[in-house]
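K.L.:
Would you be able to build a 3D model of this:
(chains A and B)
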Amino acid sequence: MNLDELTRASGEWLRGTGPESDIVMCSRIRLARNLADFPFINRASRGEKTEIENHFKTAIANAGLELSYVDVLSLDNLDRQFLVERQLISRELASSEGPRGVAIGPHENTSIMVNEEDHLRIQMMLSGLALAENWERINKVDDQIEETLTYAFSPQLGYLTACPTNVGTGIRVGVMLHLPALVQTKQIDKVFRALHKINLAVRGLYGEGTQAFGDFYQISNQQTLGKSETDLIRNLTDVIPQIITYERQARQELLNQRRQHLHDQVSRAYGVLKTAHTITSEETMHLLSSVRLGINLGLIDDLDIPTVNELFIHTQPAHLQKLQGRPLEVDERNIARAAYLRSRLTNGSSGEE
Amino acid sequence: MGRAARPVRIAGSVCRNSTMMCQHCDLEASVHLTETIDGTTREVHLCPACARESGMLVSQPPPELGLEAVVQTLIINHVGELVGELARLRCTLCGMKFMEFRTGGRLGCPHDYDLFRSGLLPIVLRSHGATRHVGKRPKRRDATANQRLLFRARLRHAIDEEDYEQAAMLRDQLRRKDADQ
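P.N.:
Predicted coordinates:
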């Protein structure tokens, strides 16, 4: 697979469609799987990791799965970072050692990391709140791979994973929410405390340990054992609508009580993004978040959500360097980012390039 | 195997460091039975897979006995003893020691879940509030997976020792086993 082709396109999960997509950016499910007859990755030799890769490639070929395999070991750091920014691989896979890779499906909905913490990490990302459809699709992919590979499984403990925190179903079900109004009205901590109480985890855009930026938060299950996949999904689908309702109430509160202030904030954010000549990634995220809120509240009418969603990803450091076709220092990146934003935003709704 | 197993006593389901091999395959035995049949007593040592196959180890304990609470109480009552025993355990298939797992947080191979079972269950219970899988089950099972794990362990060892003749032989054997699949 040629990564430069990916640079020009964007993942289907950014298209801003699907239920509740003004607040729910995307739904993500991942399954952790290991081969029964190999040691886990931290104890596997280089040769064994290569064998695992080969077995996996055979499995996807046998299943006729339309996936392109990217050999992450042979990529340079920029390309690895590019895949991280695109949510196709984890930072751990980018920075680890030895034979490893990722198989990427059409429209970037499916990605399967090989030799990360577990032998396989199967991921499915869909736009909007679509967990049931997501489970149906990822379950099928899992079945197809299993036609060839035998997974490590115990009747009592379920799918066996390198870390016992994933044992059982091996499933992580998450939704990525855009919650700017709850942040602005300082109610977000209250929501987080409630989620922790029911054993749901809150993370930033780029997974474990990353702080939320652009007011995006991933909410996911922590428990993987003792409940079925559909029950774990139901836990989330029961809770997420409540958070969506809180966010909508907070948005309405901002509109009713501070309309001028909010409109000013949104317009200024849009103005800066359209006219700046140098801008950091952090400021870009912050301003894009306001613009995204503004579009959803009808305060901006000449820009669409898919473009804004895409800009969150395409203004990241590795993406900018890929778009420019050369490595850039921090200062150069800030200039390139501003130029890119101006070119995408000055003609109004630009959509796909 | 014609057994009129009566009474059967399971002497221990946890591997001890003094390695005892399975009587049916080359794997480490972790099920040790003393059978008394018609007044004659004999010992049987099996790995979990062979024990399950010969019906000596029930793969799924009967459900709904409040098992999790029982397990938890047992572990709390025996925690001192378990720590000492666990500290000495080392997996023959991947080389992982229980204490290495406690510091690193990751296990070395699927067999570790059996081997470190007594130490792992309380950790699993703390993480998930449960010790029993509910949900999807794979259609394929592989009773010889542990055997191949053992061959791979020997192969890694042979390569480390630069014993390439042995390594080549083990590779051939593994290939044959893969072909038998």
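
K.L.:
element containing A:Leu293?
P.N.:
Assessed by DSSP states H and E, A:Leu293 sits inside helix A:281-296.

K.L.:
I'd like the average pLDDT over that helix.
P.N.:
Regarding helix A:281-296, the rounded mean pLDDT is 94.

K.L.:
That helix: what's the following helix or strand?
P.N.:
helix A:305-314.

K.L.:
Whether stretch B:152-170 contacts chain A - can you check?
P.N.:
Yes. Using Cβ under 8 Å from any Cβ of the partner chain, we find that stretch B:152-170 touches chain A at B:Arg152, B:Ala153, B:Arg156, B:Ile159. Every residue, glycine included, has its C-beta placed from N, CA and C.

K.L.:
Closest one of the residues you listed to B:Met96?
P.N.:
Closest approach to B:Met96 among those (Cβ to Cβ): B:Ala153, at 10.9 Å.

K.L.:
Please enumerate the helices of chain A.
P.N.:
All helices of chain A, identified by DSSP state H, fall at A:3-8, A:46-63, A:77-85, A:91-95, A:131-146, A:180-184, A:188-197, A:229-275, A:281-296, A:305-314, A:317-324, A:330-345.

K.L.:
Surely A:Ala152 touches B:Pro110?
P.N.:
Yes. At 3.8 Å, A:Ala152 counts as touching B:Pro110 under the criterion of Cβ atoms under 8 Å.

K.L.:
Contact partners for the closest residue to chain B within the stretch 201-350 of chain A?
P.N.:
The minimum distance from the stretch 201-350 of chain A to chain B, using Cβ to the nearest Cβ, falls at A:Gly226 (2.4 Å). Contacts for A:Gly226 (Cβ atoms under 8 Å, 6 or more residues apart in numbering or on different chains) come out as A:Gly168, B:His128, B:Gly129, B:Ala130, B:Thr131, B:Arg132, B:His133, B:Val134.

K.L.:
from these, which two are the most distant?
P.N.:
B:Gly129 and B:His133 (13.3 Å).

K.L.:
Which one's more surrounded, these two?
P.N.:
B:His133 (26 against 13; other Cβ atoms under 10 Å in any protein chain shown).

K.L.:
Contact residues of the stretch 201-350 of chain A facing chain B?
P.N.:
A:Gln222, A:Gln223, A:Thr224, A:Leu225, A:Gly226, A:Lys227, A:Ser228, A:Glu229, A:Thr230, A:Asp231.

K.L.:
Just give me the neighbour total for the closest residue to the third one other than its chain neighbours.
P.N.:
If the residues on either side of it in the chain are set aside, A:Thr224 comes closest to A:Gly168, at 4.5 Å by Cβ to Cβ, 6 or more residues apart in numbering or on different chains. Residue crowding around A:Gly168 was assessed by other Cβ under 10 Å; the count is 33.

K.L.:
try A:Arg337
P.N.:
Counted with other Cβ under 10 Å, A:Arg337 comes out at 27.

K.L.:
Am I right that it is in contact with A:Thr315?
P.N.:
Yes. Counting by Cβ under 8 Å, A:Thr315 is a contact partner of A:Arg337 at 5.2 Å.

K.L.:
Next, show the common contact partners of these two.
P.N.:
Common contacts of A:Arg337 and A:Thr315, defined by Cβ under 8 Å, 6+ apart, comprise A:Ser281, A:Thr284.

K.L.:
residues contacting the residue nearest to A:Thr224?
P.N.:
So A:Gly168 contacts A:Leu157, A:Gly158, A:Tyr159, A:Thr224, A:Leu225, A:Gly226, B:His128, B:Ala130, B:His133, B:Val134, B:Gly135 (Cβ under 8 Å, 6+ apart).

K.L.:
Isn't the fourth one up against A:Cys163?
P.N.:
Read that as A:Thr224. No. A:Thr224 is beyond contact range of A:Cys163, at 10.1 Å (criterion: Cβ under 8 Å).

K.L.:
Let me see the confidence value for the residue lying closest to A:Leu254 once chain neighbours are set aside.
P.N.:
Among residues not flanking A:Leu254 along the chain, A:Leu262 sits closest, at 5.0 Å (Cβ to Cβ, 6+ apart). pLDDT recorded at A:Leu262 is 95.

K.L.:
A:Leu262 and A:Pro180, how far apart?
P.N.:
10 Å (Cβ to Cβ, to the nearest Å).

K.L.:
ranges for the strands of chain B?
P.N.:
B:8-12, B:31-37, B:40-46 (DSSP state E).

K.L.:
Number of residues surrounding whichever residue of chain B sits closest to chain A?
P.N.:
Going by Cβ to the nearest Cβ, chain A is nearest to B:Ala130 of chain B, at 2.4 Å. Using other Cβ under 10 Å, B:Ala130 has 18 neighbouring residues.

K.L.:
who touches it in this structure?
P.N.:
By Cβ under 8 Å, 6+ apart, the contact set of B:Ala130 is A:Gly168, A:Gln223, A:Leu225, A:Gly226, A:Lys227, B:Glu68, B:Val124.

K.L.:
per-residue confidence at it?
P.N.:
95.

K.L.:
Tell me the backbone dihedrals of it, please.
P.N.:
Dihedral angles of B:Ala130 (phi, psi; degrees, to the nearest 10) stand at phi -160, psi 160.

K.L.:
Need the contact partners of stretch A:296-305.
P.N.:
A:16, A:21-23, A:251, A:255, A:262-263, A:266-267, A:270, A:291-292, A:294-295, A:345, A:348-349, A:351.

K.L.:
Cross-check the contact I'm expecting between B:Leu115 and B:Leu89.
P.N.:
Yes. Assessed by Cβ under 8 Å, B:Leu115 is found in contact with B:Leu89 at 6.2 Å.

K.L.:
So for those two, which residue has more residues nearby?
P.N.:
A count of neighbours by other Cβ under 10 Å puts B:Leu115 above the other of B:Leu115 and B:Leu89, at 26 against 20.

K.L.:
Could you measure from that one over to A:Ala276?
P.N.:
B:Leu115 is 59 Å from A:Ala276, where distance means Cβ to Cβ.

K.L.:
Show me where the stretch 251-353 of chain A dips below the pLDDT cut-off.
P.N.:
Within the stretch 251-353 of chain A, the stretches with pLDDT under 70 are A:347-353.

K.L.:
And for the stretch 1-150 of chain A?
P.N.:
The stretch 1-150 of chain A contains residues with pLDDT under 70 at A:1.

K.L.:
what residues does it put near chain B?
P.N.:
Proximity of the stretch 1-150 of chain A to chain B, by Cβ under 8 Å from any Cβ, involves residues A:34, A:36-40, A:42-43, A:45, A:47-48, A:117, A:139, A:142-143, A:146, A:149-150.

K.L.:
Let's see the PyMOL selection covering just the buried ones among these.
P.N.:
Buried members of those, defined by 16 or more other Cβ atoms under 10 Å in any protein chain shown, are picked up in PyMOL with:
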select buried, chain A and resi 34+36+37+38+39+40+42+43+45+48+117+139+142+146+149+150
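
K.L.:
circling back to that earlier point, would you mind giving the contacts of A:Gly168 as JSON lines with distance to A:Arg91 added?
P.N.:
Formatted as JSON lines, the contacts of A:Gly168 follow (distance: Cβ to Cβ, whole Å):
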{"residue": "A:Leu157", "distance to A:Arg91": "28"}
{"residue": "A:Gly158", "distance to A:Arg91": "27"}
{"residue": "A:Tyr159", "distance to A:Arg91": "23"}
{"residue": "A:Thr224", "distance to A:Arg91": "21"}
{"residue": "A:Leu225", "distance to A:Arg91": "26"}
{"residue": "A:Gly226", "distance to A:Arg91": "29"}
{"residue": "B:His128", "distance to A:Arg91": "25"}
{"residue": "B:Ala130", "distance to A:Arg91": "30"}
{"residue": "B:His133", "distance to A:Arg91": "29"}
{"residue": "B:Val134", "distance to A:Arg91": "31"}
{"residue": "B:Gly135", "distance to A:Arg91": "28"}
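
K.L.:
any residues touching stretch B:149-158, and which ones?
P.N.:
For stretch B:149-158, the surrounding residues in contact (Cβ under 8 Å, 6+ apart) are A:37-39, A:45, A:48, B:26-27, B:92-95, B:109-111, B:164, B:166-167, B:170-171, B:173-174, B:177.

K.L.:
Apply 6 Å and report the result again.
P.N.:
Residues from elsewhere that reach stretch B:149-158 (Cβ atoms under 6 Å, 6 or more residues apart in numbering or on different chains): A:Asp37, A:Ser45, B:Leu27, B:Leu93, B:Cys109, B:Gln166, B:Ala167, B:Leu170, B:Leu174.
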